[in-house]
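Peer 1: structure, please.
(chains A, B, C and D)
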Protein chains: 2
Amino acid sequence: MTVLSTKERILNSTEELVAESGFCDLTMRQISTHANTNLAAINYHFGSKQSLINHMLERRLDTLFEMRLKRLDELENGSEQPCLLRQVLKAFIEPALVISNDERMGGQRFMKILARAYAERSDFLHELLSSRYANVIKRFAAAIERACPPLDEQTVFWRFHFIIGALTYVMADFGAASKTSHMSEQEFFATCNHQLVDFAEAALSAPRRLSECQADTASSA
Amino acid sequence: MTVLSTKERILNSTEELVAESGFCDLTMRQISTHANTNLAAINYHFGSKQSLINHMLERRLDTLFEMRLKRLDELENGSEQPCLLRQVLKAFIEPALVISNDERMGGQRFMKILARAYAERSDFLHELLSSRYANVIKRFAAAIERACPPLDEQTVFWRFHFIIGALTYVMADFGAASKTSHMSEQEFFATCNHQLVDFAEAALSAPRRLSECQADTASSA
DNA sequence: ATCCGCATTAAACAAACGTTTGATTGCTTT
DNA sequence: AAAGCAATCAAACGTTTGTTTAATGCGGAT
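Peer 2: Have a look, this model is predicted:
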């Protein structure tokens, strides 16, 4: 058992507490107790509560997007022609599931936190996604577009966002859902992975406007 | 302009404040100020803060699931054979978009709140979904299963949940995303509707296990 | 006119919050 | 041995929190 620094223990405890009961109930005293350190130590190391939360998010997000970018690089360097859609999707989705399955990276906790941060519309998170990680997201969108020639840019944009939503949502619900199923956690993880990749590929492969029979769009209560 | 009761003003203000800045920052004093009433009036009418939040969620969720159920009933009474998948999906998805488009029902605010409540893993919300609205959800799952004969129950379960995730996520991001697009809010709404139904239909229509070429599931950092 | 029940109000409550202070520790450098 | 420094600690800071109290206003029934 390796001994962790105070900073690491604080970050880990913050992660665990947020994953367990959300951002609302998170208090400095909870964190310090859980991390077996002093209350003032948090402000000493991180300055403020908000700064602590930002550090917690950045630590894992950096790893996640590094992994995604690495997988995409390997993919695009491997062949000249446009990559297979399924491979691009796996490069995007699987790093999230790998992290979810690796206790050293926060396990399923981090994805829960991410879903919560999304829903909270954390200004910090949105800024991060539209600056620090924007290039990664753009590269994926471009790769998907290249792999789906019959689809226009706008449709790819929408469907990619739907998939991110499904990924985020299901990761957040991972623990709860796995308990109601009849599988081991490992089985559940593998199933989720396959189902999600299949789902994403199917959704992105389909032609636009499967049926145009509209004129039945409800608009009143 | 109709005059609203104090209870209604409090509920509306709670909705607006949560949609604007989340559950974390919500305080009783904010609500009372916004609703032009006294601080103690909230506890008088609702008992506690948590009870107020529960009432706020129930008010809109009841309408949402009533609309969904009504649409499904109409659909299933209309014909003997299994309904078209697209129609079932529309019965589930469109009520959410109708509410999002109707200011009298909270407009886009309520969907944002719903996404936040999901992410916050509100015990109350989960209890509600697995008790009060469980029958509606089960009926939709069954209808989808009937409309997708080649798919097994488990796969339908997964994909249906992915779609709920995408729906929730995109509704929560509605306002932010519509600002970065070059459309009017009405156009954006209609586009979102079509894209989402297409997306869901494509995802559910696809056969299971599009490609079995696995053995490349990463498992280390 | 009097009473009653409901609604509203200002004021106060204890508890919990994030943050700051100032003393103290333990280790490294002079 | 002494000085320097980052890290830790208990204690207290001033706010803000959700909730409660007790007084007041107001309309219909007695």
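Peer 1: let me see the mean pLDDT of the helix with the most length in chain A.
Peer 2: In chain A, taking DSSP state H as the definition, the longest helix is helix A:49-78. Helix A:49-78 carries an average pLDDT of 93.
Peer 1: check stretch A:102-115 too.
Peer 2: Per-residue scores along stretch A:102-115 average to 80.
Peer 1: just to revisit the earlier point, packing partners of the longest helix of chain A?
Peer 2: Under the contact criterion of 3 or more C-beta pairs under 8 Å, 6 or more residues apart in numbering or on different chains; DSSP states H and E, helix A:49-78 touches helix A:6-21, helix A:39-46, helix A:85-100, helix A:108-119, helix A:123-129, helix A:134-147. Placement of C-beta: from N, CA and C, glycine included.
Peer 1: can I get the ones you listed in a markdown table including mean neighbour count?
Peer 2: Formatted as a markdown table, the helices and strands packed on helix A:49-78 follow (neighbours: other C-beta atoms under 10 Å in any protein chain shown):
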| stretch | mean neighbour count |
| --- | --- |
| helix A:6-21 | 19 |
| helix A:39-46 | 16 |
| helix A:85-100 | 22 |
| helix A:108-119 | 25 |
| helix A:123-129 | 15 |
| helix A:134-147 | 16 |
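Peer 1: which of these comes out lowest on mean pLDDT?
Peer 2: Among these, helix A:123-129 scores lowest, at a mean of 75.
Peer 1: regarding residue A:149, what is its secondary structure?
Peer 2: What DSSP: H, G, I helix; E, B strand; the rest coil gives for residue A:149 is coil.
Peer 1: give me the number of residues near it?
Peer 2: Residues contacting residue A:149 under the criterion other C-beta atoms under 10 Å in any protein chain shown number 7.
Peer 1: that one and residue A:163, how far apart?
Peer 2: Going from residue A:149 to residue A:163 by C-beta to C-beta, to the nearest Å gives 19 Å.
Peer 1: so residue A:64 is in contact with residue A:95, correct?
Peer 2: Yes. The pair residue A:64 / residue A:95 is scored as a contact, 5.8 Å apart, by C-beta atoms under 8 Å.
Peer 1: close to DNA strand D, is the longest helix of chain A?
Peer 2: No. Helix A:49-78 does not reach DNA strand D (C-beta under 7 Å from any atom of the strand); its nearest approach is 12.3 Å.
Peer 1: angle of that helix against helix A:39-46?
Peer 2: Counting by axes from the mean of the first three to the mean of the last three C-alpha atoms, to 10 degrees, helix A:49-78 points 40 degrees away from the direction of helix A:39-46.
Peer 1: just want the angle from helix A:49-78 to helix A:85-100.
Peer 2: Going by the same axes, to 10 degrees, helix A:49-78 is angled at 140 degrees with respect to helix A:85-100.
Peer 1: any bit of helix A:49-78 sitting next to DNA strand C?
Peer 2: Yes. Helix A:49-78 lies within reach of DNA strand C by C-beta under 7 Å from any atom of the strand, at A:49-50.
Peer 1: any idea how far that helix is from the chain center?
Peer 2: The chain centre lies 10 Å from the centre of helix A:49-78; the measure is C-alpha atoms, centre = their mean, to the nearest Å.
Peer 1: give the buried residues for that helix.
Peer 2: Buried residues in helix A:49-78, defined by neighbour count with 16 or more other C-beta atoms under 10 Å in any protein chain shown: A:52-57, A:59-61, A:63-65, A:67-69, A:71-72, A:75-76.
Peer 1: and the angle from that helix to helix A:108-119?
Peer 2: Angle of helix A:49-78 versus helix A:108-119, following the same axes, to 10 degrees, is 110 degrees.
Peer 1: and the closest residue to residue A:60 other than its chain neighbours, how far from residue A:15?
Peer 2: Spatially, and ignoring its direct neighbours in sequence, residue A:60 is nearest to residue A:110 (4.6 Å; C-beta to C-beta, 6 or more residues apart in numbering or on different chains). Distance of residue A:110 to residue A:15, computed by C-beta to C-beta: 7 Å.
Peer 1: okay, and the common contacts of those two?
Peer 2: Shared contacts of residue A:110 and residue A:15 (C-beta atoms under 8 Å, 6 or more residues apart in numbering or on different chains): residue A:60.
Peer 1: count the residues that sit near residue A:150.
Peer 2: Residues near residue A:150, counting by other C-beta under 10 Å, number 9.
Peer 1: that one is in contact with residue A:207, isn't it?
Peer 2: Yes. Residue A:150 is in contact with residue A:207 according to C-beta under 8 Å; the separation is 6.1 Å.
Peer 1: so what pLDDT did residue A:213 get?
Peer 2: As predicted, residue A:213 sits at a pLDDT of 40.
Peer 1: residue A:97 and DNA strand C, how far apart?
Peer 2: 32 Å (C-beta to the nearest atom of the strand, to the nearest Å).
Peer 1: ok, for that residue, nearest residue in space, not its chain neighbours?
Peer 2: Spatial nearest neighbour of residue A:97, excluding adjacent residues (C-beta to C-beta, 6+ apart): residue A:193 at 5.1 Å.
Peer 1: and for residue A:128?
Peer 2: residue A:61 (6.5 Å).
Peer 1: and for residue A:9?
Peer 2: Of all residues not flanking residue A:9 in the chain, residue A:35 sits nearest, at 4.3 Å (C-beta to C-beta, 6+ apart).
Peer 1: which ones are touching that neighbour?
Peer 2: A:6, A:9-10, A:12-13.
Peer 1: could you rerun that using 7 Å?
Peer 2: Counting by C-beta atoms under 7 Å, 6 or more residues apart in numbering or on different chains, residue A:35 makes contact with A:9-10, A:13.
Peer 1: just those residues now: which is nearest residue A:99?
Peer 2: Ranked by distance to residue A:99 (C-beta to C-beta), those are led by residue A:13 at 18.4 Å.
Peer 1: from memory the closest one sits against residue A:34, does it?
Peer 2: Yes. Shown here, residue A:13 and residue A:34 form a contact pair, counting by C-beta atoms under 7 Å, at 4.0 Å.
Peer 1: ok, now which ones touch residue A:156?
Peer 2: By C-beta under 7 Å, 6+ apart, the contact set of residue A:156 is A:141, A:144-145, A:148.
Peer 1: so which strand or helix has it?
Peer 2: Element membership of residue A:156, judged by DSSP states H and E, is helix A:153-172.
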